[in-house]
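>>> Would you be able to build a 3D model of this:
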Amino acid sequence: MPEQGKPETIHLVVLELHHHGELLKNLYDTLKLNNFKLTLVTIPKVYKDSGLPSAGSDPRLDIQLKKPEEYIADFLQRMAPVFASADIIYFNTVAGYWKEVNRIRFTAPAIIRIHNAHCDLSPLRHFRNPVLNSPAILSHLLRKVLIGREWNLRKSLFEKIDYVMFPNETITHYVKDHNWVDPQKILDPVLPFGYLGEKELRKIPDINQRDTINIAITGKVTNCKKDFTLVYRALRKYLQDPNSPRVKLTLLGNAGHKQVGNIIRNFESLTSDRFHLDYSTDYVPAEEFEKKVASVDFFVAPIKIDTHFKKYREVYGKSKMSGVENDILRYRKPSLIPSNYIIESPLDKAIEYFPPDPESLANSIKSWAINQTYREIALAFNQMKKYNRNDIADNFYDLCKKMKHQKQANKESS
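As a prediction, this is how the structure comes out:
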């Protein structure tokens with residue numbers, strides 16, 4: 001029990017077994033603003049890539065790492081006292097370890113985050129390719145589903161877990177409409193993956209003092225999830241008009257890998273006194289990265305709507321969320337978004353949709369550049385209290401406290 005007059009501290013244990021280090025950092029940055037003690041149970045690579053404080057630097061943050069030669073099953077068994085001490089257990093990413101996670105014993109209320117709704121909730125209907133025409137999917141069915149019992153183990157874990165949370169309201173409604181989860185288990189997405197950046201990070205340069213528009217694309221530079229060819233063709237068309245403002249394109253993601261291929265070559269072929277490309281093949285220090293972002297006028301998000309996770313088809317904006325939403329919020333940058341990707345309110349006030357073809361995107365870039373549309377749209381970030389870190393922390397704290405006390409009351413009455 002908390003001391004009289006002192007707010008109750010909620011011990012949240014977070015399990016992350018894959019690669020979502022940036023989400024863990026967002027989680028920490030948000031929840032440290034309220035009365036949480038956070039224990040992170042994860043693997044060394046995730047922790048290293050997360051940017052979280054060093055172990056012991058914050059008394060309210062505890063880091064529990066898998067040992068180098070330790071199996072996941074042994075690691076989770078060693079963590080039994082940690083799970084037993086939790087007020088709330090938060091399964092962030094556990095895909096692929098259904099058997100091991102199923103063995104965790106816990107009495108605290110548990111939440112699982114769903115990142116890929118088709119894969120996790122309706123796999124049979126959402127294979128990437130026709131089953132009979134795909135040896136890889138047939139092999140997956142044999143090894144993972146029939147022998148490995150992946151679907152059964154996942155179903156068993158979902159039955160044990162009290163609540164499910166999705167990245168945003170759009171995906172929440174999509175799942176509810178398809179009745180893939182008991183509605184009483186579905187929580188409102190009061191803990192979004194991203195939060196609204198601080199005001200000093202949203203400065204937009206004064207275009208009246210220059211004649212170049214600076215647009216940027218976030219995320220890894222690869223055609224796997226983004227259509228860089230669409231942007232290239234749109235810019236090529238845009239530059240055909242000699243009266244349109246000069247353009248600087250900044251690629252904010254890593255461009256130092258094999259998948260870059262023709263992406264850089266295409267953009268560099270546009271180089272002239274009216275077009276400049278800025279990208280990096282190496283690690284960019286945080287201070288330099290923030291300067292790059294601060295100089296950007298607006299984002300362009302060439303999201304490929306149809307994507308996949310493992311052998312399953314996912315749809316960005318329906319069953320899966322794109323990271324561009326977090327980027328828009330964090331850096332307070334308006335964005336051009338394909339019209340077939342759904343952005344929820346109030347974030348939709350900071351974007352403008354374009355039909356996903358080169359001519360439409362070229363026209364949208366030209367309109368924003370000439371009319372400075374992005375400057376007016378950027379004012380919408382001042383009305384996004386929903387994504388304020390303090391409000392997110394408060395709402396999630398109230399939710400966790402309610403869940404904890406409800407479980408205790410149910411136990412006492414049984």
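
>>> Can you pull up the most central residue in this protein?
The C-alpha lying nearest the average C-alpha coordinate of the chain belongs to residue 323 (C-alpha atoms, centre = their mean; 4.4 Å).

>>> List the contacts of that residue.
By C-beta atoms under 8 Å, 6 or more residues apart in numbering, the contact set of residue 323 is 193, 218, 219. Where you see a C-beta, it was placed from the backbone N, CA and C, and this is true even at glycine.

>>> Quick one: list the elements packing against the helix ranked longest in the chain.
Criterion DSSP state H: the longest helix present in the chain is helix 389-413. In terms of contacts (3 or more C-beta pairs under 8 Å, 6 or more residues apart in numbering; DSSP states H and E), helix 389-413 is packed against strand 10-16, helix 21-31, strand 36-42, strand 88-93.

>>> cutoff 7 Å now
strand 10-16, helix 21-31, strand 88-93 (3 or more C-beta pairs under 7 Å, 6 or more residues apart in numbering; DSSP states H and E).

>>> Give the next helix or strand downstream of the last one.
I take that to be strand 88-93. Using DSSP states H and E, the next helix or strand after strand 88-93 towards the C-terminus is helix 98-102.

>>> Can you point out the buried residues in the strand or helix carrying residue 265?
Secondary structure from DSSP H and E places residue 265 in helix 262-268. Buried residues in helix 262-268, defined by neighbour count with 16 or more other C-beta atoms under 10 Å: 263, 264, 266, 267.

>>> if I read this right, the second one contacts residue 254, doesn't it?
No. The pair residue 264 and residue 254 fails to qualify as a contact (C-beta atoms under 7 Å) at a distance of 12.0 Å.

>>> So, low pLDDT: which residues of the stretch 1-150 of the chain?
Along the stretch 1-150 of the chain, segments meeting pLDDT under 70 span 1-5, 132.

>>> quick revisit: which among the contacts of residue 323 gets closest to residue 241?
Among these, residue 218 lies closest to residue 241 (C-beta to C-beta), at 26.2 Å.

>>> By residue count, what's the longest strand in the chain?
strand 246-254 (DSSP state E).

>>> pLDDT averaged over it - what is it?
For strand 246-254, the mean pLDDT works out to 92.

>>> what's the next helix or strand along the chain from the helix holding residue 265 in contact with?
Using DSSP H and E, the helix or strand that follows helix 262-268 towards the C-terminus is strand 275-280. Residues outside strand 275-280 that contact it (C-beta atoms under 7 Å, 6 or more residues apart in numbering) are 221, 235, 239, 247-251, 255, 264, 267-268, 271.

>>> one more time with 10 Å
With C-beta atoms under 10 Å, 6 or more residues apart in numbering as the test, strand 275-280 has contacts from 212, 214, 216-217, 221, 235-236, 238-239, 246-256, 260, 263-264, 266-271, 288-289, 292, 295.

>>> Give the buried residues for it.
Across strand 275-280, burial judged by 16+ other C-beta under 10 Å covers 275, 276, 277, 279, 280.

>>> How about stretch 96-110?
By neighbour count on 16+ other C-beta under 10 Å, the buried set for stretch 96-110 is 97, 98, 99, 100, 101, 104, 108, 109, 110.

>>> ditto for stretch 182-196
Counting neighbours by 16+ other C-beta under 10 Å, one finds that the buried residues in stretch 182-196 are 186, 187, 189, 190, 191, 192, 193, 194, 195, 196.

>>> Let me see the contact set for the fifth one.
Residues counted as contacts of residue 191 (C-beta under 10 Å, 6+ apart) are 26-27, 30-31, 90, 111, 113, 165, 167, 392-393, 395-396, 399-400.

>>> hmm, try it at 7 Å
Neighbouring residues of residue 191 by C-beta under 7 Å, 6+ apart: 165, 392, 396.
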